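*Asks:* Curious how this folds, go ahead:
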Amino acid sequence: MTVSPRPVSGLRAPLVVAAAHLLACAAFLTVFLAQHDRLPDPVATHFSGSGGADDFTTLDAFPYGALGILLIMALLCTGLVYATRGHRVLVGLGCAVAGLVGTVVVAVVLNNAGAETADAVRLGPGTLGAALAVAAAAAGLGVPAGGRGPAAPEAKPEDAVEPAPRFVLREGESVLWTRGAGSRPVLVGGASLLAAGALLVPLAGWAAGLGPAAGGVALCACFAVRVTVDRHGLTVHVLGLPRPRVRIPLDRIAETGHRHVEPLRDLGGWGYRAVPGRSGFGLRSGPAVVVRLTTGSEFVVTVDDAATAAALLGALAERARTTTGGG
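*Replies:* Next comes the predicted model:
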C-alpha cells in the first residue's frame, strides 16, 4: 500500500494562506480608519453592472460586514489547504482570493471617501482589473511561500495500472471484501461551509447564510463511502444513505488493477467525479481500485488495501466469464 507522505512544510502552507487573508484584513482596517471621517453614512456597499450604487450599509455596521466576509473566506481557504496537505494549486487559489476580496473592500472604502451621499458613489471597471492584478500577484507569491506541498508520484500514462495480484476462486467459493473510505477535504470543506453560513446569518441575513449551510450539510453527509466487493461486483455507496450508490456488475468488468490516485489531478476534484474516459470516487489521495470496463472507460475509487480488493474483484469477474462461456 502506498501512502503519500506528509509534506515537509507541515503547517506552512495553511499559515501562508491565513497570513494572506489577515494581511487583507489589516489593509482594509488601515484604509477604513484613515478615511473614516470622510465616509458618508450610509456607505454604498453594492454596485450594479453599470457601476452605480444599488445597496447601502450603515457606517457603523460596514466594517463588521466587510471583516466578516474576509474572515469567512479565510476560514474556507485555510481549511481546504490544510485538509489537502498544502496542494500548490489551492495555496495559490487561497492567496488569490485574499488579494481579490481585499482589493475590492479597500476600493469600496476609497470610492466612498469624500462623497456627499452614498447615491453618488460609483465603482468603475478599473477596480475589477486592479483586483485581478493583485490576486494574480498574491497567487504568484503564495505558491512558493507555501512550500513544495505533498509529495506525489509522477503522473503515469492512463494505461500504467498496477495489475491486481493473482487470486483463484474455487467453484462454489464465495468472498466478501468491504471497507470504509473517508475524505478529510470534503469533511473540512463541509464544516467550513457550515461555519461560513452561521457567520453570514447575523451579518447578511438568513438568505445569505442558507446556501453555504445547505452545501455544508450535503458535504458532511457525503464525506465517507463504503466500498464492497462480492458476487454482485463492485459497489460504492455513501455511508448512512441509501443513495447515491454506484454498482459495477461483474459482466461489465474487463480488467482490474490498482494505482495511486490524486483526485484533483486524475478526476478534477474530490467526491464523485466524471471526466472523459474516467469516473469514480476520489475522496483522498492514495491507493485506488481501478476497473477497466468493457466499454473501454475506467472507474476508480480510492480506498485502503486497494490491491486486495482489485485481486478479489478480478477473480470474481474471471470466474463469471468462465461460467458464462462454459454455459
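*Asks:* Against which helices or strands is the helix or strand His260 falls within packed?
*Replies:* Using DSSP states H and E, His260 sits in strand 253-261. Counting contacts by 3 or more CB pairs under 8 Å, 6 or more residues apart in numbering; DSSP states H and E, strand 253-261 is packed against strand 162-163, strand 286-293, helix 306-326. From N, CA and C alone the C-beta is placed, and that goes for glycine too.
*Asks:* Mean neighbour count, those: which tops it?
*Replies:* strand 286-293 (a mean of 23; mean count of other CB atoms under 10 Å).
*Asks:* Not counting that one itself, show me its contacts.
*Replies:* When contacts are defined by CB atoms under 8 Å, 6 or more residues apart in numbering, strand 286-293 is touched by residues 1-4, 161, 227, 234, 248, 252-261, 280, 282, 298-307, 309-310, 313.
*Asks:* before we move on, back to that, neighbouring strands for the strand holding His260, and are they parallel or not?
*Replies:* Strand partners for strand 253-261, identified by DSSP bridges, are recorded as strand 162-163 (antiparallel), strand 286-293 (antiparallel).
*Asks:* Just the mean pLDDT for the longest one, thanks.
*Replies:* Taken as a whole, strand 286-293 has a mean pLDDT of 89.
*Asks:* Checking Val91 next. Helix, strand or coil?
*Replies:* Under DSSP: H, G, I helix; E, B strand; the rest coil, Val91 falls in the helix class.
*Asks:* you'd agree it is up against Val81?
*Replies:* Yes - assessed by CB atoms under 8 Å, Val91 is found in contact with Val81 at 5.6 Å.
*Asks:* rewinding a little: how about the strands paired with strand 253-261 in TSV, adding distance to Gly269?
*Replies:* Listed next are the strands paired with strand 253-261 as TSV, based on distance: least, CB to CB, whole Å:
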stretch	distance to Gly269
strand 162-163	24
strand 286-293	15
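*Asks:* Of those, which is nearest Met73?
*Replies:* Evaluated with CB to CB, the strands paired with strand 253-261 place strand 286-293 nearest to Met73, the distance being 28.8 Å.
*Asks:* just the angle between that closest one and helix 306-326, please?
*Replies:* Here the directions of strand 286-293 and helix 306-326 differ by 10 degrees (axes from the mean of the first three to the mean of the last three CA atoms, to 10 degrees).
*Asks:* starting at the chain centroid, how far to strand 286-293?
*Replies:* Relative to its parent chain, strand 286-293 has a centroid offset of 21 Å by CA atoms, centre = their mean, to the nearest Å.
*Asks:* which other residues reach the helix or strand following it?
*Replies:* The element immediately downstream of strand 286-293 (helix or strand, assigned by DSSP H and E) is strand 298-302. Applying CB under 8 Å, 6+ apart, the contact partners of strand 298-302 are 158, 181, 225, 227, 234, 236, 246, 248, 261, 263, 266-267, 277-293.
*Asks:* Ala254: neighbour count?
*Replies:* Residues near Ala254, counting by other CB atoms under 10 Å, number 12.
*Asks:* again, but for the one 4 residues further on
*Replies:* For His258, the number of neighbouring residues by other CB under 10 Å comes to 26.
*Asks:* Going forward, count from 55.
*Replies:* Taking 55 as the first residue, the last one we looked at is His312.
*Asks:* Can you name the residues that contact the residue lying closest to Val290 once chain neighbours are set aside?
*Replies:* Nearest non-adjacent residue to Val290, counting by CB to CB, 6 or more residues apart in numbering: Val300, 4.9 Å away. Residues in contact with Val300, defined by CB under 8 Å, 6+ apart, are 289-291, 326, 335, 353.
*Asks:* for Ala360, same thing?
*Replies:* Here Ala360 is in contact with 55, 312, 341-343 (CB under 8 Å, 6+ apart).
*Asks:* so how far is Arg233 from it?
*Replies:* Applying CB to CB, to the nearest Å, the value for Ala360 to Arg233 is 9 Å.
*Asks:* Quick check, Val240 in contact with Trp324.
*Replies:* Yes - at 5.5 Å, Val240 and Trp324 qualify as touching, with contact defined as CB under 8 Å.
*Asks:* Find residues that contact each of those two.
*Replies:* In contact with both Val240 and Trp324: Leu337, using CB under 8 Å, 6+ apart.
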